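K.L.:
what shape does this take:
(chains A, B, C and D)
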Protein chains: 2
Amino acid sequence: MTRISRKQLEIQQREADILQIARRMLLEDGYEALSMDKLAVELGTAKGTLYNHFPNKEEIVLALVCQAMQVRQQMFGIAASVSQKSRERMMAIGLASEHYVQKHSEHFAIEQFVSNSTIRGKSKPRRQELIRHFELQCMGSVVGVVRDAIAVSDLKLPSMLTAEEIVFGFWSITFGSHVLTYDRPGLNELGINDAWRAVRCHGCAMLNGFSWNPVMTFEQSEVVFAELDERLNMLFDSQA
Amino acid sequence: MTRISRKQLEIQQREADILQIARRMLLEDGYEALSMDKLAVELGTAKGTLYNHFPNKEEIVLALVCQAMQVRQQMFGIAASVSQKSRERMMAIGLASEHYVQKHSEHFAIEQFVSNSTIRGKSKPRRQELIRHFELQCMGSVVGVVRDAIAVSDLKLPSMLTAEEIVFGFWSITFGSHVLTYDRPGLNELGINDAWRAVRCHGCAMLNGFSWNPVMTFEQSEVVFAELDERLNMLFDSQA
DNA sequence: ACAAAACTTGACGCCGCGTCATAATCTAAG
DNA sequence: CTTAGATTATGACGCGGCGTCAAGTTTTGT
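P.N.:
The predicted structure follows:
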């Protein structure tokens, strides 16, 4: 049976190779530059072989998106358990998001390609479920923090909002900031000097806006962010 | 000289027709469905004629984006002058954004196609300047409100942030929310029942987080939003 | 009326995706 | 080891999309 496993591994390895090459092409020259023909040439096989692994181009991209979301989800999980204090856990998730964009931009960038596009529709149900799964897990991590905060009275849930809708607010602010920061050319020239610091401030403002205890000034918040950042860096490094 | 103007008008009219058809194609079937060949057929001319008006496909899309941004910018301008109170002006701009996404989704959707993509790079400098112009104008409207608020002490500018960075926060939250709401399938199933109301609450939370006077509860805020919304609807309708 | 300028046309070259008949390779039973 | 049957690899092909350009047509100015 050594034969079977050897062949199996060879195929698995090739699948990984395909994704690796595809990622490089996407990152280097954008979505249009991802060509199945060129990919096959770089892989050293015929084009038809590619189609034994993935039914179409979109599935390759979505496989990369899945990898990306898995990385993000793991980081969120780690961040959510970095402290006992609910507000710090929330801040840590924000930092994880920041970290993800900055230090794993190869994944973040690929998430962007698919964010508003026809790509999703062309994928198999299996893949869609997987993506949904990771989305739910990320959401779950953050909603957990919100619920815990409510349970220990760090946060009073406004009558107009659900816990998920609270999360939606923070999701919007980080997602929005990071997308704008990442692929909007020249935010600096618009007067936004340090977008990253600004995002932290906005997160702090919003936490304060919900009266999420302990309410603190931006200056105090910055110190806490710095401490959490250091702790998170260690955790993330030890993970890799 | 009636001849000159007749021909000129004919050409201008055709340009408008091209954009109209292109918009319909984009909205109906997505970016991939915008085909120069089909566009030419629908227009009733040869393909080469298209290329007398636009040097490439991307320029057509970007022309549509310019139209969209112009609409948005006008709405922002109106919203920024709907009240004397700085906080209400800020809220009105949020409402304008909401209105833009909901009632002018044909424009908003097209902005999305270009938000993270290779399209921008293929356009002529002239077009890029135009886009930049509208971006600056929108930014300018909001920054104006922030500066006014500071001037009348409705808002104290945090030492860590510039006025533009404050705007960036609100930009992120509305941009992020609206993108997520618009093209994420099934936010409802994630527990987000009324994303629109949630966005208003988050805006309110953030304003409160900056201690933007008059600080108010979500419930109070909702009433003000409703009043402003009505006033804005009248203004927007009278504009059209 | 007529020449020069401006505009229109559509066939053409090139490239990319996905297919499929054929060829090569592997598996497992005899 | 042999060999039939299953699995996998190949690349030429069909189709369709973008942008070009030489040839033809209309408009303009005199």
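
K.L.:
for stretch A:172-185, buried residues please.
P.N.:
Using 16 or more other C-beta atoms under 10 Å in any protein chain shown as the test for burial, stretch A:172-185 gives A:Ser172, A:Ile173, A:Thr174, A:Phe175, A:Gly176, A:Ser177, A:His178, A:Val179, A:Leu180, A:Thr181, A:Tyr182, A:Arg184. (C-beta placed from N, C-alpha, C; glycine too.)

K.L.:
now do the contacts for A:Ala240.
P.N.:
With contact set as C-beta atoms under 8 Å, 6 or more residues apart in numbering or on different chains, A:Ala240 has no partners.

K.L.:
grab the most central residue of chain A for me.
P.N.:
A:Arg72 (3.9 Å; C-alpha atoms, centre = their mean).

K.L.:
give me the distance between that residue and DNA strand D.
P.N.:
The gap separating A:Arg72 from DNA strand D is 32 Å, by C-beta to the nearest atom of the strand, to the nearest Å.

K.L.:
over to A:Val101?
P.N.:
Taken as C-beta to the nearest atom of the strand, the span from A:Val101 to DNA strand D is 31 Å.

K.L.:
and the next element down the chain from the helix or strand harbouring that residue?
P.N.:
Element membership for A:Val101, per DSSP states H and E: helix A:86-103. Per DSSP H and E, helix A:86-103 leads on to helix A:105-115 as the next helix or strand towards the C-terminus.

K.L.:
closest point of chain A to DNA strand D, which residue?
P.N.:
DNA strand D sits closest to A:Gly48 of chain A, with a gap of 2.1 Å, by C-beta to the nearest atom of the strand.

K.L.:
show me what the strand or helix carrying that residue is packed against.
P.N.:
A:Gly48 is part of helix A:47-53, with elements assigned from DSSP H and E. Judged by 3 or more C-beta pairs under 8 Å, 6 or more residues apart in numbering or on different chains; DSSP states H and E, helix A:47-53 is in contact with helix A:2-29, helix A:36-43.

K.L.:
got the angle between the following helix or strand past that helix and helix A:105-115?
P.N.:
Elements were assigned by DSSP H and E; along the chain past helix A:47-53, the next helix or strand is helix A:57-80. Per axes from the mean of the first three to the mean of the last three C-alpha atoms, to 10 degrees, the angle that helix A:57-80 makes with helix A:105-115 is 120 degrees.

K.L.:
out of the helices and strands packed on helix A:47-53, nearest to B:Gln102?
P.N.:
For B:Gln102, the closest of the helices and strands packed on helix A:47-53 is helix A:2-29, at 33.1 Å, according to C-beta to C-beta.

K.L.:
leaving out sequence neighbours, find the closest residue to A:Asn56.
P.N.:
A:Lys122 (6.2 Å; C-beta to C-beta, 6 or more residues apart in numbering or on different chains).

K.L.:
which ones are touching the one you found?
P.N.:
Per C-beta under 8 Å, 6+ apart, neighbours of A:Lys122: A:Asn56, A:Glu58, A:Glu59.

K.L.:
give me the subset of these touching DNA strand C.
P.N.:
Residues of those in contact with DNA strand C (C-beta under 7 Å from any atom of the strand): A:Asn56, A:Glu58.

K.L.:
which one of the contacts of A:Lys122 sits in the busiest neighbourhood?
P.N.:
Within the contacts of A:Lys122, A:Glu58 tops the neighbour count with 19 neighbours, counted by other C-beta atoms under 10 Å in any protein chain shown.

K.L.:
that residue reaches A:Gln128, doesn't it?
P.N.:
No - with contact defined as C-beta atoms under 8 Å, A:Glu58 does not count as touching A:Gln128 (11.4 Å).

K.L.:
tell me the one among the buried residues of stretch A:172-185 nearest to chain B.
P.N.:
A:Gly176 (2.5 Å; C-beta to the nearest C-beta).

K.L.:
so where does that closest one fall, helix or strand?
P.N.:
Judged by DSSP H and E, A:Gly176 forms part of helix A:163-183.

K.L.:
any part of that helix near chain B?
P.N.:
Yes - contact of helix A:163-183 with chain B (C-beta under 8 Å from any C-beta of the partner chain) involves A:163-165, A:168-169, A:171-177, A:179-180, A:183.

K.L.:
again, but for stretch A:30-38
P.N.:
Yes - judged by C-beta under 8 Å from any C-beta, stretch A:30-38 and chain B are in contact via A:Gly30, A:Tyr31, A:Glu32.

K.L.:
how far does that stretch stretch from start to finish?
P.N.:
14 Å (C-alpha to C-alpha, to the nearest Å).
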